[in-house]
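Student: coordinates only, sequence not included:
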DNA sequence: CATCCGTTATAACTTAGGTTAACTGGAAAG
DNA sequence: CTTTCCAGTTAACCTAAGTTATAACGGATG
């Protein structure tokens, strides 16, 4: 059920079988949610965190004019709002970008788990810090990279993150986002997001159809993205 | 010595006098560093975190072409790289933007403190989550706000953060950054940063001279910035 | 099977911000 | 004093991305 989460964790740190049992006990219930639902609204007081079993979630902030900025995308295995454990309230919404299966993790249980296994406290702190690193890299994209480079970078990042949890097949993965949603991640207009995708296609770097992304030229794509995955902290790690 | 840090903490959470003693024991030594020095380089293995006593530090990422993107600014009272406690290596540099006084906090001591006071473990986790919230807000700026709005937003954020640690006088604070450095925070060119500052002056919102920023019209500035400080989590908080 | 409506595609036109370059003034160095 | 240097300023010009509009394609709905 939460095997993607273990893949993500075990890629970075070792987990004993006793710790594993503890983590499995975190989930109180599992919910199925349709696409385009706001599962958490900014400012609400929270007593649970959400562990994404399947589907895509976005952290997004609304603007008065109706524009949105997505600040991070979440895929299977991610805690979408682990930071709500310490913050209690989020400064952004959490929106489904596809049909999702979500495990609900009461903060109480998280607190008890960490009290019992202080090492896991550090492990989850570590995970929120990886989220922050991802956000930093997005800020880099937004501040310095061209539209083409930004789009390519996003595709590279998602490939690596999905690969970790076993959601890629060869050079391909499911990408349920519309071009509008992609544009909201990248700080572009839909029109320009479309032009940018066309250009990546024209250069023979990707294929994108039926919500499936195929990376035709990994080197090439990483090149225009200036992609360097160290910010994802993929290597094994002592706590 | 680290009173700014306590101001920052106590604004959000309560700290017992015993916990206070523990925190005071974190610092192993204090260093003075000149402006424009890289105190931590991306990728180095770290066994200390840096608590900024005085001065300004930036988290910055270099680009091949020589461009830099600053992803967060740190002022007195901030742990500039508390996330290195769990990450061990940073994905960005840490650069002084002014002469700085820096307290060195060995990770060992942090670990011991948290083991003795689990509540403080949450407190410091909480602080890294506030940093992430700040970075999210910067991503919003970079993705959606105009140059004028971005600059105004940065000035508002810094005012609030400096006020918390008692580093403002009336509507004024020391802002040691050059226009080039401001432009690196905001994803602009120096030239356009300059144009933008001129425009804020022309509108009577700010004064900026001799590295001193005066906010002439707080409402007005917050208006063009669409500034809402909830992301800074300034209210008192149970852990 | 007609009609909606969201997504993708495209073209024509506009603009915010980037680029290049030149000039100023003050502070440090000699 | 002069020279150097760097932060700030300004102007002329350029381009990446935004804006507006239109159309084609599908999948859902009645």
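Tutor: Cool, the structure landed. Just so it is clear, the model here is predicted, and its values are computed rather than measured.
Student: look up the closest residue to residue A:186, ignoring the ones flanking it.
Tutor: Using Cβ to Cβ, 6 or more residues apart in numbering or on different chains and skipping residues adjacent in sequence, the residue nearest residue A:186 is residue A:150, 4.8 Å away. Where you see a C-beta, it was placed from the backbone N, CA and C, and this is true even at glycine.
Student: who touches the helix or strand hosting the one you found?
Tutor: Element membership of residue A:150, judged by DSSP states H and E, is helix A:147-164. Helix A:147-164 is contacted from outside by A:7-8, A:11, A:73, A:75, A:77, A:134, A:137, A:141-142, A:145, A:168, A:171, A:173, A:175, A:182, A:185-188, A:192-193, A:195-197, A:199-200, A:205-206, A:213, A:215, A:221-222, A:224-227, A:229, A:232, A:234, using Cβ atoms under 8 Å, 6 or more residues apart in numbering or on different chains.
Student: what's the first helix or strand after that helix?
Tutor: strand A:172-174.
Student: buried sites along that following strand?
Tutor: A:173-174 (16 or more other Cβ atoms under 10 Å in any protein chain shown).
Student: and that strand, average pLDDT?
Tutor: Averaged over strand A:172-174, pLDDT sits at 97.
Student: pLDDT on the helix holding residue A:150, on average?
Tutor: pLDDT averaged over helix A:147-164 gives 98.
Student: for stretch A:23-36, same thing?
Tutor: Here the average pLDDT along stretch A:23-36 is 96.
Student: and what of stretch A:96-112?
Tutor: 97.
Student: quick check, central residue of chain A?
Tutor: residue A:74 (2.4 Å; Cα atoms, centre = their mean).
Student: for it, what are its contacts?
Tutor: A:52, A:56-59, A:80.
Student: same question for residue A:205.
Tutor: Applying Cβ under 8 Å, 6+ apart, the residues contacting residue A:205 are A:152, A:215-217, A:220-221, A:224.
Student: out of the residues you listed, who's the most crowded?
Tutor: Highest neighbour count within those: residue A:152, with 28 neighbours (other Cβ atoms under 10 Å in any protein chain shown).
Student: return the residues in contact with the closest residue to that residue other than its chain neighbours.
Tutor: Of all residues not flanking residue A:152 in the chain, residue A:225 sits nearest, at 3.8 Å (Cβ to Cβ, 6+ apart). Applying Cβ under 8 Å, 6+ apart to residue A:225 gives the contacts A:145, A:149-150, A:152-153, A:155-156.
Student: swap in 7 Å and give it another go.
Tutor: A:149, A:152-153, A:156 (Cβ atoms under 7 Å, 6 or more residues apart in numbering or on different chains).
Student: need phi/psi at residue A:54.
Tutor: phi -160, psi 150 (degrees, to the nearest 10).
Student: so what's it scoring on pLDDT?
Tutor: Looking at residue A:54, the pLDDT reads 97.
Student: what does chain A put close to DNA strand D?
Tutor: A:146-148, A:187-189, A:191-192 (Cβ under 7 Å from any atom of the strand).
Student: among the contacts of residue A:74, which are in strands?
Tutor: A:52, A:57-59 (DSSP state E).
Student: are there helices or strands packed against the top helix by length along chain A, and which ones?
Tutor: As assigned by DSSP state H, the longest helix anywhere in chain A is helix A:118-144. Counting contacts by 3 or more Cβ pairs under 7 Å, 6 or more residues apart in numbering or on different chains; DSSP states H and E, helix A:118-144 is packed against strand A:68-74, helix A:107-116, strand B:68-74, helix B:84-87, helix B:118-144.
Student: out of those, nearest to residue A:39?
Tutor: strand A:68-74 (11.0 Å; Cβ to Cβ).
Student: pull the distance from that closest one to the chain's centre.
Tutor: Remark: strand A:68-74 is offset 9 Å from the chain centroid, using Cα atoms, centre = their mean, to the nearest Å.
Student: do the same with stretch A:204-221
Tutor: With Cα atoms, centre = their mean, you get 19 Å for stretch A:204-221.
Student: that one - what's its average pLDDT?
Tutor: 97.
Student: the closest residue to residue A:145 other than its chain neighbours: how many residues sit nearby?
Tutor: Leaving aside its chain neighbours, residue A:145 sits nearest to residue A:153 (6.4 Å; criterion: Cβ to Cβ, 6+ apart). A total of 23 residues lie near residue A:153 under the criterion other Cβ under 10 Å.
Student: from DNA strand D, how far off is residue A:153?
Tutor: In this view, residue A:153 and DNA strand D are 12 Å apart by Cβ to the nearest atom of the strand, to the nearest Å.
Student: that older thread, any chance of a markdown table for the helices and strands packed on helix A:118-144, columns distance to DNA strand C?
Tutor: A markdown table is the format used below for the helices and strands packed on helix A:118-144 (distance: least, Cβ to the nearest atom of the strand, whole Å):
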| stretch | distance to DNA strand C |
| --- | --- |
| strand A:68-74 | 13 |
| helix A:107-116 | 33 |
| strand B:68-74 | 11 |
| helix B:84-87 | 30 |
| helix B:118-144 | 10 |
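Student: spatially nearest residue to residue A:213 (excluding sequence neighbours)?
Tutor: residue A:175 is the one closest to residue A:213 (Cβ to Cβ, 6+ apart), at 4.3 Å.
Student: contacting residues around residue A:103?
Tutor: Here residue A:103 is in contact with A:2, A:27, A:30, A:51, A:53 (Cβ under 7 Å, 6+ apart).
Student: ranking these by neighbours, who comes first?
Tutor: Those, ranked by neighbours (other Cβ under 10 Å): first place residue A:51, 26 neighbours.
Student: so what sits opposite that residue in the bridge?
Tutor: Counting by DSSP bridges, residue A:51 is bridged to residue A:79, residue A:103.
Student: pLDDT score assigned to it?
Tutor: So, for residue A:51, pLDDT stands at 98.
Student: I figured it hits residue A:4, correct?
Tutor: No - using Cβ atoms under 7 Å, residue A:51 makes no contact with residue A:4, being 9.3 Å away.
Student: isn't there a strand covering residue A:30?
Tutor: Yes - secondary structure of residue A:30 (DSSP: H, G, I helix; E, B strand; the rest coil): part of a strand.
Student: what's the nearest residue to it if we skip its chain neighbours?
Tutor: Closest to residue A:30 by Cβ to Cβ, 6+ apart is residue A:103, at 5.1 Å.
Student: any figure for the gap between the residue of chain A found nearest DNA strand D and residue A:186?
Tutor: In chain A, the residue found nearest to DNA strand D is residue A:192; the distance is 3.2 Å by Cβ to the nearest atom of the strand. Residue A:192 sits at a distance of 9 Å from residue A:186 (criterion: Cβ to Cβ, to the nearest Å).
Student: higher neighbour count, these two?
Tutor: Ranked by neighbour count (other Cβ under 10 Å), residue A:192 and residue A:186 place residue A:186 first, with 23 against 15.
Student: tell me how far the more buried one lies from residue A:153.
Tutor: In terms of Cβ to Cβ, residue A:186 sits 9 Å off from residue A:153.
Student: residue numbers of chain A in contact with chain B?
Tutor: A:61, A:63-64, A:67, A:69, A:71, A:83, A:86-88, A:91-92, A:115, A:118, A:121-122, A:125-126, A:128-129, A:131-133, A:135-136, A:138-140, A:142-144, A:187, A:226, A:230-231, A:233, A:237 (Cβ under 7 Å from any Cβ of the partner chain).
Student: just the buried members of those residues?
Tutor: Buried, going by 16+ other Cβ under 10 Å: A:61, A:67, A:69, A:71, A:83, A:86-88, A:91-92, A:121-122, A:125-126, A:128-129, A:131-133, A:135-136, A:138-140, A:142-144, A:187, A:226, A:231, A:233, A:237, out of the residues of chain A next to chain B.
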